[in-house]
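Peer 1: With the input below, show me the fold.
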Amino acid sequence: MPLNRPEDEEDIRPGLETKPFLAHLEDLRWTIIRCLFALVTGVVICAFTAKHILQLLYRPYIEAGGNLKDLVTRDVTDPFAIHMEVSVFGGVILSLPFLLYFIGQFLLPALTPREKRFLAPIFAAGTLLFVIGVTFCYALVLRAALQFFITYSTQYFGFSTMWTPKALVDFEVQMLIGFGLAFELPLVILVLNVFGLVTSEQLASKRRHAAFIIFIAACCIIPSTDIFSLSVLTIPMYVLYEACIWISRIVERRKEPQ
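Peer 2: Numbers count the residues shown, from 1 in each chain. Got it, this is the predicted structure:
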């Protein structure tokens, strides 16, 4: 009498070696060391090119009508703090593909063949979406946001804008990181859909809840409480959520014949 075989043989881990706990700790240790090495290398490279990175960060401010001569440092350690912030921010973006690759190498042995096929596309899509979010913010949002605040301050209230370089860099870096992380939303939803944790019908029925959660997330991400800054992140995130619903429906239709 033939033995019953599982419906999906790919979910079985053939020949998976059971490693002792200390061996897993050793793998984790080397993964952390590789990630730290990649991150430190990226930070060091950006530290030597921080002046050029600052010129890129100043460009939206200049295009918005600001003047670099109006930026005044008030603390003794502001230049050093700006240098470190720019170096770390650039180092994270520069080393992100390597960080995801090392993490993927650590997780790979524990996955089934079916799960392994999804790992590389998921990490590649995660890196791409983060870069798209940062680029979208830099190319479209930063200039409009800074121009809004300059106009709001000078024309509406009659105040002169004399910001500090650190305040400007802090605002721009937080906006860039916030948009980069916000654009990871489609990937998270699609991963949950691929593994059957959520369906397109569930996503569609929770639109109101999703809109409220997205607004709360925007309030936590954006370093400002004005409605303009919140809307420039809330609207794209909700559009991405709607796109996730349609993509999830396409994925589910492809699953049905299988």
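Peer 1: unless I'm mixing things up, residue 137 is touching residue 173, no?
Peer 2: No - checked against CB atoms under 8 Å, the pair residue 137 and residue 173 is beyond contact range at 10.4 Å. Backbone N, C-alpha and C define where each C-beta goes, glycine included.
Peer 1: show me where pLDDT drops low in the protein?
Peer 2: Low-confidence regions of the chain, defined here as pLDDT under 70, cover residues 1-19, 21, 110-112, 114-116, 221-226, 228-229, 255-258.
Peer 1: Can you report phi and psi for the residue lying closest to residue 154 once chain neighbours are set aside?
Peer 2: When the adjacent residues along the chain are set aside, residue 154 lies closest to residue 161, with 6.3 Å between them (CB to CB, 6 or more residues apart in numbering). Here the main-chain torsion angles of residue 161 (degrees, to the nearest 10) amount to phi -90, psi 110.
Peer 1: need the contact list for residue 161.
Peer 2: The neighbours of residue 161, taking CB atoms under 8 Å, 6 or more residues apart in numbering as the test, are 66, 70, 149, 150, 153, 154.
Peer 1: hmm, try it at 10 Å
Peer 2: The neighbours of residue 161, taking CB atoms under 10 Å, 6 or more residues apart in numbering as the test, are 65, 66, 67, 70, 71, 146, 149, 150, 151, 152, 153, 154.
Peer 1: In this structure the fifth one contacts residue 57, no?
Peer 2: No - using CB atoms under 10 Å as the test, residue 71 is too far from residue 57 to be in contact (11.4 Å).
Peer 1: out of the two, which sits in the more crowded spot?
Peer 2: When residue 71 and residue 57 are compared for neighbours, residue 57 comes out ahead with 22 against 18, by other CB atoms under 10 Å.
Peer 1: correct me, but that one touches residue 166?
Peer 2: No - under the criterion of CB under 10 Å, residue 57 makes no contact with residue 166, lying 11.6 Å away.
Peer 1: if we can go back for a sec, pick out whichever of residue 137 and residue 173 has more residues nearby.
Peer 2: Applying other CB under 10 Å to residue 137 and residue 173 shows that residue 137 carries more neighbours, namely 24 against 18.
Peer 1: Past the helix or strand harbouring residue 47, which element shows up next along the chain?
Peer 2: With elements delineated by DSSP states H and E, residue 47 resides in helix 21-48, which encompasses its position. Of the helices and strands lying after helix 21-48 in sequence (DSSP H and E), the nearest is helix 50-63.
Peer 1: other SSEs contacting that next one?
Peer 2: For helix 50-63, the packing partners by 3 or more CB pairs under 10 Å, 6 or more residues apart in numbering; DSSP states H and E come out as helix 21-48, helix 78-107, helix 142-151, helix 165-182.
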